[in-house]
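In: sharing a sequence plus its predicted fold:
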Amino acid sequence: MHNKVLSILLMVALASCGQKAPPPPDSATAQSAPSQRPTQAQLSQLIRYPRFDDTDPHEWQGRGPRSYPIHGIDVSRYQGDIDWGQVRGSGVSFAYVKATEGGDVADPAFAGNWRGAARAGVPRGAYHYYYFCRSAAEQARWFIKHVPRDANALPPVLDMEWNPRSRTCTKRPDGQLVRAEARKFLALLEAHYGQRPVVYTTVDFFAETGIGRLRDTEFWLRSVAGHPRQIYPGAHWRFWQYTGTGVVPGIKGNVDLNVFHDSPETWLRWSGQL
């Protein structure tokens, strides 16, 4: 009410000076323009609610991954040669491709997967597997060295989890240090690529480090035995990795399967296709 009174007084004052008054703040012209709506052609290109096989399926209680329309994969050299045309045709809407880990390891399949996904029309992004034996700055530089800037790519991903099987780095720093290093890495990649990276993490790492406290950050949560709302109470997520034993045409052997949290329309906007 106070704002309306001020607006009226402003219009009167400007009118007395022969000037055109701006519209009041609650007028239609003051509202933001409506979001672009996807066309039927854009929506028809998406295979929604695909049904992939799983060699070790979980019996979901309540809402399961098949209730989400947009599904994708994450891959590395362990998937071998991938037929990206078949992958696209099977209903995969996105792919995250492993690029680097630590400060001295590059995935040898990255370049091929990066190009192959793009040629097949699969929206793709790159991810980095973090080790706590090198600084955030060193690892960010290593990632930037191997992943080209591409305006059509999905936001990069920082994969942060414990490394118990590593032969060279099994450090488990406290949560304060983990979060500080994550902030540095995210800031460096955001400055370079112009996109805020997503953080992928696991149940134990999330609980023990407080990584979920990072501000202005979207999360990709692994949860293969329960919906994220059960396993990560109160957490907000953009992606959910629901199995590591998925079966997708065009890929030999098992592959990680994931869902996008929201609607097909939101997916098209989030991924830059609108």
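Out: Received the coordinates, thanks.

In: rest of the way, CA atoms for contacts and neighbours
Out: Will do.

In: pull out the buried positions in the longest helix seen in the chain.
Out: In the chain, assigned by DSSP state H, the helix with the most residues is helix 175-193. In terms of neighbour count (16 or more other C-alpha atoms under 10 Å), helix 175-193 has its buried residues at 175, 178-179, 181-182, 185-189, 193.

In: who's in contact with it?
Out: 135-137, 139-140, 144, 149-150, 156, 158, 195-197, 208-211, 214 (C-alpha atoms under 8 Å, 6 or more residues apart in numbering).

In: equivalent analysis for stretch 218-232, please.
Out: 58, 60-61, 63-64, 197-203, 212, 235-244.

In: if you set the cut-off to 6 Å instead, what comes out?
Out: 198-202, 237-243 (C-alpha atoms under 6 Å, 6 or more residues apart in numbering).

In: repeat that for stretch 36-55.
Out: By C-alpha under 6 Å, 6+ apart, the list of residues contacting stretch 36-55 reads 69-70, 91, 245-247.

In: would you reformat the residues you listed as a markdown table and include pLDDT?
Out: Listed next are these as a markdown table, based on pLDDT from 0 to 100:
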| residue | pLDDT |
| --- | --- |
| 69 | 98 |
| 70 | 98 |
| 91 | 98 |
| 245 | 98 |
| 246 | 98 |
| 247 | 98 |
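
In: make CSV from those and add neighbour count to it.
Out: Shown next, in CSV, are these (neighbours: other C-alpha atoms under 10 Å):
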residue, neighbour count
69, 20
70, 25
91, 23
245, 17
246, 20
247, 18
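
In: just those residues now: which is nearest residue 268?
Out: residue 70 (10.1 Å; C-alpha to C-alpha).

In: got any ranges where the stretch 51-200 of the chain has weak pLDDT?
Out: For the stretch 51-200 of the chain, no stretch is flagged by pLDDT under 70.
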